[in-house]
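Trainee: Sequence and predicted structure, then a few things I'm wondering about:
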Amino acid sequence: MPDEQNWDLSPREARALQCELAPRVLLQPLPRSFAILGASDIGYARTSNQLVAVMVTFTWPELQPLETSQVISSALFPYIPGLLSFREAPTLVVAFRKLKTPPHVLLCDGQGIAHPRRLGLASHLGLCLGIPTVGCAKKRLCGEHGLLLSHRGASTPLILNGEVVGSVFRSREGVKPIYISPGHLADVESSQALVADCLGRFRIPEPLRRAHNLATDLRRALTAQHPVFQ
DNA sequence: GCGACAG
DNA sequence: ATCTTGTCGC
């Protein structure tokens, strides 16, 4: 699989690469049983243009914390809708390799195949790492869906070009839904089931929430070193 | 040309 | 994502 690839691409080249890699994504049920779940997130320190990658692992299905890794890097690629992985994935891959015990499944903050070229961050990362990944985003990137009931656990298919690419999922009563889609070595049904089994008392599944909090803590520490003078 | 647009 | 104050509902 495409492991150490060249991340120094123009937006045009990045889109072309996505079209080449997307067919390599495998859609299949997640492992019926596995021991370690991972979750990842990125923080951004604007004043120093630095990315903070956080990777957290937990026992599965108990979700007891196991290990965390953090990596700081300079942001080399801008945020462009549809090209998020070219900004975040390089640093996340390094954070993954710093883990003593890699997870068997990884939850990612962003889309999987619910992407214009079917290669969102979770899918791209899954190919790079060679493990099952699931995308869990707070906003929709593309695709359409019908009415979503307001009770916790309600879901409706996310459809792109006539295909079901994910599910719009109500993780808490009366709050905005989250957008779940398979990354790599996963499918829509098992991806939603995994996220459903990670829910605590908040909208964001617990493992991702933990990764996000750690990333925010580290980002604030960096910002304190790079104050904005006026 | 106009609107949409993960983090 | 980050920045940023008060404010509104479960």
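Mentor: Noted; the coordinates are in hand. Everything numeric here is computed off the predicted structure, so don't read it as measured data. Numbering: from 1, shown residues only, chains lettered A, B, ... in the order given.
Trainee: does A:Leu147 really touch A:Thr156, like I thought?
Mentor: Yes. Contact criterion C-beta atoms under 8 Å: A:Leu147 and A:Thr156 qualify, at 6.8 Å. (Glycine included, C-beta is placed from N, CA and C.)
Trainee: quick one, which of these two is more surrounded?
Mentor: The residue with more neighbours, out of A:Leu147 and A:Thr156, is A:Thr156; 15 against 8, by other C-beta atoms under 10 Å.
Trainee: all strands for chain A, in order.
Mentor: Assigned strands in chain A, in chain order: A:36-45, A:50-59, A:65-74, A:105-109, A:133-137, A:155-160, A:163-169, A:178-184 (criterion: DSSP state E).
Trainee: List, one by one, the residues from chain A near DNA strand C.
Mentor: A:42-47, A:79, A:138, A:173-174, A:215-216, A:219, A:223 (C-beta under 7 Å from any atom of the strand).
Trainee: Which ones among the residues you listed map onto helices?
Mentor: A:Ala215, A:Thr216, A:Arg219, A:Thr223 (DSSP state H).
Trainee: ranking those residues by neighbours, who comes first?
Mentor: A:Ala215 (23 neighbours).
Trainee: and the nearest residue to A:Leu92 once chain neighbours are set aside, what pLDDT?
Mentor: Using C-beta to C-beta, 6 or more residues apart in numbering and skipping the chain neighbours, the partner closest in space to A:Leu92 is A:Ala53 (4.9 Å). You'll see A:Ala53 listed with a pLDDT of 98.
Trainee: And A:Ala53, how far from A:Arg87?
Mentor: A:Ala53 sits 11 Å away from A:Arg87, going by C-beta to C-beta, to the nearest Å.
Trainee: which one of the two has more residues nearby?
Mentor: Neighbour count, other C-beta under 10 Å: between A:Ala53 and A:Arg87, A:Ala53 has more, with 26 against 20.
Trainee: residue ranges with poor pLDDT in chain A?
Mentor: Filtered on pLDDT under 70, chain A yields the residue ranges A:1-3, A:229-230.
Trainee: Centroid-nearest residue for it?
Mentor: The centroid of chain A falls nearest to A:Cys108 when counting by C-alpha atoms, centre = their mean (1.9 Å).
Trainee: Contact partners for that residue?
Mentor: For A:Cys108, the contacting residues are A:Ala39, A:Ser40, A:Leu121, A:Ala122, A:Leu125, A:Thr133, A:Val134, A:Gly135, A:Cys136, A:Gly183, by C-beta atoms under 8 Å, 6 or more residues apart in numbering.
Trainee: Compare those residues and tell me which is most surrounded.
Mentor: Neighbour count (other C-beta under 10 Å) singles out A:Ala122 as the most crowded of the contacts of A:Cys108, with 36 neighbours.
Trainee: so that residue touches A:Val105, yeah?
Mentor: No. At 11.1 Å, A:Ala122 and A:Val105 do not qualify as touching, with contact defined as C-beta under 8 Å.
Trainee: Overlap in contacts, the two.
Mentor: With C-beta under 8 Å, 6+ apart as the test, A:Ala122 and A:Val105 both reach A:Thr133, A:Val134.
Trainee: Give me every residue in chain A lying close to DNA strand B.
Mentor: Contacts of chain A with DNA strand B, taken as C-beta under 7 Å from any atom of the strand, map to A:41-42, A:44, A:79, A:81-85, A:109-111, A:115, A:120-122, A:135, A:137-142.
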